[in-house]
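Undergrad: build me a model from this:
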Amino acid sequence: MRRRPIRRRPAQKRGSDGKFLLMLGLIGVVAQGLLAATLSWLAEHPWILALPVLAVAGAGIALVLLRREATRRERIRLQGLRYLVEHLDGLHYTQFEYAVRDLMRRDGYQDAQQVGGSGDNGADVKATDPFGRRWVIQCKHRKAGWSGAAVGTPDLQRLNGTGRQIHDGDVIVMLTNGRFSKKAPDFAKSQRLHLVDRHLLARWAAGSTPLWELLRAVPPPRRPSSPS
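TA: Purely as a prediction, here's the structure:
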């Protein structure tokens, strides 16, 4: 049988492989040298390592200062907050609830929140006044203002069933930019509910007197204190 000739690797290819390995070796040597030089330089200048930490710390401080400034500006804005009742008429009912929340914050209810929506159980705005009393407010917005549909006893009955039992409220308020039915005041008085109609809302929103001073027979403070 005739043997197949043994194929030998071309000398040129072996030479290329050798050059490639030599190049890799040189790259490794250069990389090691650069790494050693970098470590040596860092050892002589250790403060460089603190720069990232200082940068992060500086960014954190700047963020805190920006938040404080935003809080300060919001506080100033709320202190001067005033609404004409005609302006409130033109709001969407959700915006109306936020306006009531902002008026509460203006008066010192620092934790006032708009909570109205699906499953709100009759509460649109909840807050705690400077005396520790918990307020639960349901808002009834009327586009037509005083000419709109009157808020009646069925609405008050629903609020009466949730204001204290579910929301643990001390001061339960039905507030509207419209009017109440003739029977509503008597029912509200019998159940210790508070009514804010268009006229009282206009006085509160356009003035600077807190709501607890405008309402009658507000429960005593939960804790003895004075508003700041």
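
Undergrad: what's the burial count for Arg158?
TA: 14 (other C-beta atoms under 10 Å). Every residue, glycine included, has its C-beta placed from N, CA and C.

Undergrad: now swap in Gln95 and tell me
TA: 13.

Undergrad: would it count as being in a helix?
TA: Yes. Judged by DSSP: H, G, I helix; E, B strand; the rest coil, Gln95 forms part of a helix.

Undergrad: tell me, how many residues neighbour the residue lying closest to Gly163 once chain neighbours are set aside?
TA: Leaving out its chain neighbours, the residue that sits closest to Gly163 by C-beta to C-beta, 6 or more residues apart in numbering is Ile172, at 3.6 Å. Other residues near Ile172 come to 25 when the count uses other C-beta under 10 Å.

Undergrad: and the pLDDT for Arg14?
TA: For Arg14, the model assigns a pLDDT of 60.

Undergrad: next one: Ile6
TA: 56.

Undergrad: repeat that for Tyr83.
TA: For Tyr83, the predicted pLDDT is 96.

Undergrad: report the contact partners of it.
TA: Taking C-beta atoms under 8 Å, 6 or more residues apart in numbering, we find Tyr83 in contact with 99, 103, 205-206.

Undergrad: which of the residues you listed are buried? Put it as a PyMOL command.
TA: Applying 16 or more other C-beta atoms under 10 Å to those, the buried members can be selected in PyMOL as follows:
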select buried, resi 99+103+205
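
Undergrad: farthest pair within the contacts of Tyr83?
TA: Pairwise distances across the contacts of Tyr83 (C-beta to C-beta) peak at 12.2 Å, for the pair Ala99 and Ala206.

Undergrad: just the buried positions in stretch 92-112, please.
TA: 96-109, 112.

Undergrad: please could you give me each C-alpha atom of it, formatted as CSV?
TA: In CSV, the C-alpha atoms belonging to stretch 92-112 read as follows (Å, rounded to 0.1, in the frame of the first residue of the first chain):
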residue,chain,number,x,y,z
HIS,A,92,-62.1,69.4,38.8
TYR,A,93,-63.5,67.7,41.9
THR,A,94,-60.1,66.0,42.5
GLN,A,95,-58.3,69.4,42.2
PHE,A,96,-60.9,70.7,44.7
GLU,A,97,-59.9,68.1,47.2
TYR,A,98,-56.2,69.0,46.8
ALA,A,99,-57.0,72.7,47.3
VAL,A,100,-58.7,71.8,50.6
ARG,A,101,-55.7,69.8,51.5
ASP,A,102,-53.4,72.7,50.8
LEU,A,103,-55.6,75.0,52.9
MET,A,104,-55.3,72.6,55.8
ARG,A,105,-51.6,72.6,55.5
ARG,A,106,-51.6,76.4,55.4
ASP,A,107,-53.4,76.3,58.8
GLY,A,108,-50.8,74.0,60.3
TYR,A,109,-52.2,70.5,59.6
GLN,A,110,-48.7,69.3,58.5
ASP,A,111,-49.8,65.8,57.7
ALA,A,112,-52.9,66.7,55.6
